[in-house]
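>>> Below: sequence and its predicted model.
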Amino acid sequence: MADDLSGSPSSVPDVLAPGLACVFCGINPGRVSAAAAAHFANPRNDFWRLLHAAGFTPRLYAPHEQFSLLELGFGITNAAYRTTPGSGDLRRSDFDATRLRRLALDLRPRAIAFVGKEAYRGAFNERPELGPQLRTVGATGLYVLPSTSPANAAVPYVERLRWFADLRGWIEPEQRRAVRGLVVDAERRVLLVRFQNAVTADVWWATTGGGVDPGESDEEALRRELLEEVGLAGFEIGPLVYTREHTFPWDRRIISQHERFHLVRVERHDPAPTVDVGAEGVTEIRWWSLAELDAAEETIVPADLAELVRRVTR
């Protein structure tokens, strides 16, 4: 699709669609790409060759075939739109991190892969290492590849290919089972845990629970998680009331999680974790009334939690 996420025009169109597995983000259009209206059009640029060699494309694509990538679940954009003879001619103001954030939140790609450290640094004003990043944007993971430009002669082709091949495996999500407790007290309040991303400061509230370890049953995992997170023991596990599948980045990994929610009714409980929940990014635990859920400005997961509580406690 043509660019509709920024007021800044580009001589090279964005190749974007909702729900892509990965969006490759170059630094900006060079003169050859601008003339061709195609990404990575310089014949000395290794991007298209690496894409094929790493298994992203079934054959070697030419730059003018860039929109065919959408059929494979991939897209392309740039961190800066202005065409320059070289990336060294860019100004700090040429980069628009807000546009990339909107791209991630609106189109929800599984990952954005920056083709070169300078593309990432221009967007986020921080120097990255190659590979997966701790920083995320919403539900989108971030990865940094070596530049494929002929100017990046210090990194040999075989090394670039290694990082592209690693990315190809990394964007395939790790499968994970999880069980969660919809813990509701006598006043129909629900117990929630507040998470905060240490890099981006993004905040969200979620129900108690977590991953099911190998060999564990859902019941064993839920009892372990609720004891660790909120100090709750000796409770009766109620019926399965909700399931969901979602994919998200966490700790430099892409996780595809199947979650099963069980209703847990208690008269009252003062949450008291038995492990260091801060190591998991937990910053607060408290009870929420339905009115508070309805008026919440911070992110609640799942988004329809208030309606779910109303339905299962009628």
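Alright, I've got the coordinates.

>>> Which parts of the stretch 201-314 of the chain are strands?
Applying DSSP state E, counting those that start in this stretch to the stretch 201-314 of the chain gives strands spanning 203-211, 240-250, 253-265, 282-288, 299-301.

>>> any chance of those strands in a markdown table, plus mean pLDDT and distance to T274?
Placement of C-beta: from N, CA and C, glycine included. Putting the strands of the stretch 201-314 of the chain into a markdown table (pLDDT from 0 to 100; distance: least, Cβ to Cβ, whole Å) gives the following:
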| stretch | mean pLDDT | distance to T274 |
| --- | --- | --- |
| strand 203-211 | 95 | 13 |
| strand 240-250 | 94 | 22 |
| strand 253-265 | 97 | 17 |
| strand 282-288 | 96 | 12 |
| strand 299-301 | 95 | 23 |
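
>>> looking at those, which is closest to W163?
strand 253-265 (16.1 Å; Cβ to Cβ).

>>> so who does W288 touch?
By Cβ atoms under 8 Å, 6 or more residues apart in numbering, the residues touching W288 are 189-192, 205, 296.

>>> Including distance to L167, could the strands of the stretch 201-314 of the chain go into TSV?
As requested, the strands of the stretch 201-314 of the chain are exported to TSV (distance: least, Cβ to Cβ, whole Å):
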stretch	distance to L167
strand 203-211	24
strand 240-250	13
strand 253-265	11
strand 282-288	30
strand 299-301	27
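
>>> tell me the phi and psi of the nearest residue to G116 once chain neighbours are set aside?
Among residues not flanking G116 along the chain, S147 sits closest, at 3.3 Å (Cβ to Cβ, 6 or more residues apart in numbering). Reported as degrees, to the nearest 10, the phi and psi values for S147 are phi -60, psi 140.

>>> so S147 sits right up against R121, yeah?
No. Assessed by Cβ atoms under 8 Å, S147 is found out of contact with R121, at 11.6 Å.

>>> When the two are compared, which one has more neighbours?
Neighbours per residue (other Cβ atoms under 10 Å) separate S147 from R121, with S147 holding more: 23 against 17.

>>> Check the spacing between that one and R253 real quick.
Note on S147: its distance to R253, by Cβ to Cβ, to the nearest Å, is 24 Å.

>>> beta partners of T140?
Using DSSP bridges, the bridge partners assigned to T140 are V137.

>>> need the contact list for it.
T140 makes contact with 104, 108-112, 249, according to Cβ under 8 Å, 6+ apart.

>>> Please check those and keep the buried ones.
Neighbour counting with 16 or more other Cβ atoms under 10 Å marks 104, 109-112, 249 as buried within the contacts of T140.

>>> Of those residues, which belong to strands?
Judged by DSSP state E, the subset of those located in strands is 111-112, 249.

>>> Output those residues as JSON lines; include the columns distance to D89.
Shown next, in JSON lines, are those (distance: Cβ to Cβ, whole Å):
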{"residue": "A111", "distance to D89": "28"}
{"residue": "I112", "distance to D89": "24"}
{"residue": "P249", "distance to D89": "33"}
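
>>> per the record, what domains does the protein have?
The chain is divided into the following domains under automatic domain parsing: 22-170, 174-312.

>>> Distance to P13 added to those, as CSV?
Below are the domains of the chain laid out as CSV (distance: least, Cβ to Cβ, whole Å):
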stretch, distance to P13
domain 22-170, 7
domain 174-312, 27
